[in-house]
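Peer 1: how would this look folded up:
(one chain, ligands or ions: 3)
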Amino acid sequence: MNIILLGPPGAGKGTQARIIEKGRGLVQLSTGDMLRAAVAAGSEVGLKAKAVMESGGLVSDEIVIGIISDRIDEPDCASGFILDGFPRTLPQAAALEDLLASKGKSLNCVIEMRVDDDKLVERITGRYTCGACGEGYHDKFRVPKVEGVCDNCGANDFKRRADDNEETLRSRLLAYYKETSPLIGYYFAKDNLVSIDGMADMSGVTGSIEAILNDKA
Ligand code: ADP
Ligand code: ADP
Ligand code: ZN
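Peer 2: Ligands and ions are numbered 1, 2, ... in the order given. So this is what the prediction gives:
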């Protein structure tokens, strides 16, 4: 099963993708994570992406399409994947369709996660992750059971993203509404869209997604 999680920054895409990955054996494909890894490694792609990501803009279609196309070819993707943060533009959506068709694959559904803008600001400004395993946390909504220690792996090295500040979030939201939100209409017209309430608590949102996946399976 191949699905897309679509939604603005802070909607909960990464959080839910990790939960579905564990629960269903689908692979999470986060272009944001891949680009941050490229920046950290100082690769050619990373050098091109760094400044754009810091400003809250979108990295070029060519770069992210290339990354996704290569990643989907890896063997772990054969049993299915969750696209988290891709596609983000109409040309990316069209390219995805072509590359899936050329690889004999298809999309099962696109799940749109709806969250109010005020809530997105609150979610993004409180977000941090475990530097060792990538587990996601939040100052208010998900704190580690033992202060300073990751629930998942026991490490004590937490990180905040440089672009998770209110000012850069405004640019990222603008990019979302201008470039990405047209995908909602695009997938609705293709009869592939299911919209869910992303304002519920994490387990509530997981329940909505599970119900959709059970229905499509
Ligand atoms: P995205 O990948 O869509 O940008 P994340 O999954 O990283 O969003 O979530 C953003 C922040 O909000 C994280 O700190 C996460 O712990 C928190 N969060 C995610 N889903 C919920 C939820 N349903 N309720 C409250 N907080 C949430
Ligand atoms: P969030 O989880 O907050 O939505 P991501 O981690 O998905 O953020 O993305 C971080 C940044 O990486 C984006 O602001 C953008 O600069 C870049 N990026 C990620 N995915 C894409 C994409 N599909 N197209 C263009 N830029 C992307
Ligand atoms: Zn951890």
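
Peer 1: from now on I want contacts and neighbour counts done on CA atoms only, so please keep to that.
Peer 2: Noted.

Peer 1: close to ligand 2: what parts of this protein are there?
Peer 2: 8-10, 31-33, 52-53, 56-60, 64, 85-88, 172 (CA under 6 Å from any ligand atom).

Peer 1: ok, 5 Å please
Peer 2: By the rule CA under 5 Å from any ligand atom, the part of the chain lying against ligand 2 is Pro9, Thr31, Gly32, Met53, Gly56, Gly57, Leu58, Val59, Gly85, Phe86, Pro87, Arg88.

Peer 1: ok, which of these also contact ligand 1?
Peer 2: Near ligand 1, judged by CA under 5 Å from any ligand atom, the entries from the residues of the chain next to ligand 2 are Pro9.

Peer 1: now, which of the residues of the chain next to ligand 2 lie within helices?
Peer 2: Thr31, Gly32, Met53 (DSSP state H).

Peer 1: so what's the residue count around the residue nearest to the second one when sequence neighbours are not counted?
Peer 2: Spelled out, it's Gly32. Leaving aside its sequence neighbours, Gly32 sits nearest to Gly85 (CA to CA, 6 or more residues apart in numbering; 6.6 Å). By the criterion of other CA atoms under 10 Å, Gly85 has 20 neighbours.

Peer 1: where does this structure have low pLDDT?
Peer 2: In the predicted model, the chain carries no residue with pLDDT under 70.

Peer 1: get me the contact residues on it for ligand 3.
Peer 2: For the chain, the contact set with ligand 3 under CA under 5 Å from the ion comprises Cys130, Cys133, Cys150, Asn152, Cys153.

Peer 1: Ala41: which of those residues is nearest?
Peer 2: Cys133 (17.3 Å; CA to CA).

Peer 1: which residues does the closest one contact?
Peer 2: Going by CA atoms under 8 Å, 6 or more residues apart in numbering, Cys133 touches Asn152, Cys153.

Peer 1: just to be sure, it is in a helix?
Peer 2: No: using DSSP: H, G, I helix; E, B strand; the rest coil, the assignment for Cys133 is coil, not a helix.

Peer 1: any idea how far it is from Lys105?
Peer 2: To Lys105, Cys133 is 30 Å away according to CA to CA, to the nearest Å.

Peer 1: how about Glu167?
Peer 2: Glu167 is 39 Å from Lys105, by CA to CA.
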